[in-house]
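just coords:
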Ligand SMILES: Nc1ncnc2c1ncn2[C@@H]1O[C@H](COP(=O)(O)OP(=O)(O)OP(=O)(O)O)[C@@H](O)[C@H]1O
C-alpha cells in the first residue's frame, strides 16, 4: 500500500527559503513512494494542530520543515498519541539543534534524501508538565534571551543575532533561588541557569553535554550556580571547549526525573521558545519517537545495535 506523508512547514523560518523548494521536495518524496501533501503554518500553535490532524488522518510520516520552534510544535501534536507517525526533519531554522544532533544535513535536498533513504532511529522525548520537548528545557535569566531576539534580526544575521543579544544582556543577568530534585538528589541555592537536555547540541554549542545520548532514556542536567561576571565569562569559554563539566560552579549529571521549584518567577524555555514556568516536573519518555536519520553518521552512543 502507498505510504502517506504530510509536510508541515513554517514559511517564516530562518531565511524564509522553504516554499521555493517545496515542488522538488514533493517530487522526491513521490518518487520514493510517498503520497505527499503539505501544510503551511499560519501562526503560533498551528503546527501542533496540523500534526494532531495528521495523526487522526492516519498519515504514516509527518515531516516538519522549519526551525527548532516548528519541530517542537509538531512534536507536541504527535507525542500525546498512542500511535505516532514516523518523524522527518527538514532543518530551515537559524540554529537547528535537533538536526545537528542527529547529523541531518542542513541543505534541504540532503535532508530530503535522509527521509527517502528510509532509516529511522528511536529518540527520547522530554515532557514538562503537559508539554513536550526534543532538545532542551532551560530556565533562568540567561535562557530568556531567546525570546528577545527579533525575528527580522534572525532572518538577517542568523545565529549571530543570539550572540549579540547575549553580550548585550550579560551585565543584567541575576541568579534565582531554586530547588531542583533529580532522581533522589537535591540542589537548593542560587542558580544562573539550569538546562535539561536530550541531545548534545544546545544553542549551537555542541560540547555543552558531550556524553548525552538521544535514546538512553536519560536527561543531561546542567546547573550553573551563582558566579560573578568574570567567573561566568571563564565558564562560558570553558563550555565552548567542553571543559566545564568538573568546574565547582557547575553540577553536571544524568537523571530521568526532575522537579524544579522556586519562590521567584522563572520562565522555562522549551526548544528555544517560551514553554511555561516553574514549578515544573520533567520526565524522560524513553525512545518515544522514530526519526529519520543517517544512521551511519550518528555518534556511537546514539546508535541502536
Ligand atoms: N506563518 C507564520 N508567521 C509567523 N510566525 C509563525 C508562522 N508559522 C509559525 N510561526 C511561529 O514561528 C515560530 C518560530 O519558528 P521556527 O523555530 O521554525 O523558526 P526560526 O525562529 O527562524 O528558527 P530558530 O528556532 O532556529 O531560531 C514557531 O514557534 C511558530 O510559532
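Cool, the structure landed. This is a predicted model, so every value here is computed, not measured. Numbering: from 1, shown residues only.

Same question for residue 127, what's its three-state structure.
Counting by DSSP: H, G, I helix; E, B strand; the rest coil, the backbone at residue 127 sits in strand.

Do I have it right that it meets residue 276?
No. Judged on C-beta atoms under 8 Å, residue 127 makes no contact with residue 276 at a distance of 11.5 Å. The way it works is simple: take the backbone N, C-alpha and C, and place the C-beta from them, glycine included.

in the helix ranked longest in the chain, what counts as buried?
Counting by DSSP state H, the longest helix found in the chain is helix 18-31. For helix 18-31, burial by neighbour count (16 or more other C-beta atoms under 10 Å) applies to 18, 21-22, 25-26, 28-29.

Please name every helix or strand in contact with that helix.
strand 3-9, strand 34-40, strand 61-66, helix 108-117 (3 or more C-beta pairs under 8 Å, 6 or more residues apart in numbering; DSSP states H and E).

Dump the ones you listed to JSON lines, plus distance to the ligand, mean pLDDT and mean neighbour count.
As requested, the helices and strands packed on helix 18-31 are exported to JSON lines (distance: least, C-beta to the nearest ligand atom, whole Å; pLDDT from 0 to 100; neighbours: other C-beta atoms under 10 Å):
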{"stretch": "strand 3-9", "distance to the ligand": "9", "mean pLDDT": "97", "mean neighbour count": "23"}
{"stretch": "strand 34-40", "distance to the ligand": "7", "mean pLDDT": "97", "mean neighbour count": "17"}
{"stretch": "strand 61-66", "distance to the ligand": "3", "mean pLDDT": "98", "mean neighbour count": "27"}
{"stretch": "helix 108-117", "distance to the ligand": "14", "mean pLDDT": "96", "mean neighbour count": "19"}
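
just to revisit the earlier point, identify the residues contacting the longest helix of the chain?
By C-beta atoms under 8 Å, 6 or more residues apart in numbering, the surrounding residues in contact with helix 18-31 are 5, 7, 9-11, 36, 38, 40, 65-66, 90, 92, 108-109, 112-113, 115-116.

repeat that with 7 Å
5, 9, 11, 36, 38, 65, 92, 108, 112, 116 (C-beta atoms under 7 Å, 6 or more residues apart in numbering).

roughly how far is it from the heart of the chain?
25 Å (C-alpha atoms, centre = their mean, to the nearest Å).

now swap in stretch 13-26 and tell me
Using C-alpha atoms, centre = their mean, the offset of stretch 13-26 from its chain centre is 21 Å.

Stretch 179-187 now?
23 Å.

Then stretch 191-205?
Counting by C-alpha atoms, centre = their mean, stretch 191-205 comes out at 10 Å from the chain centroid.
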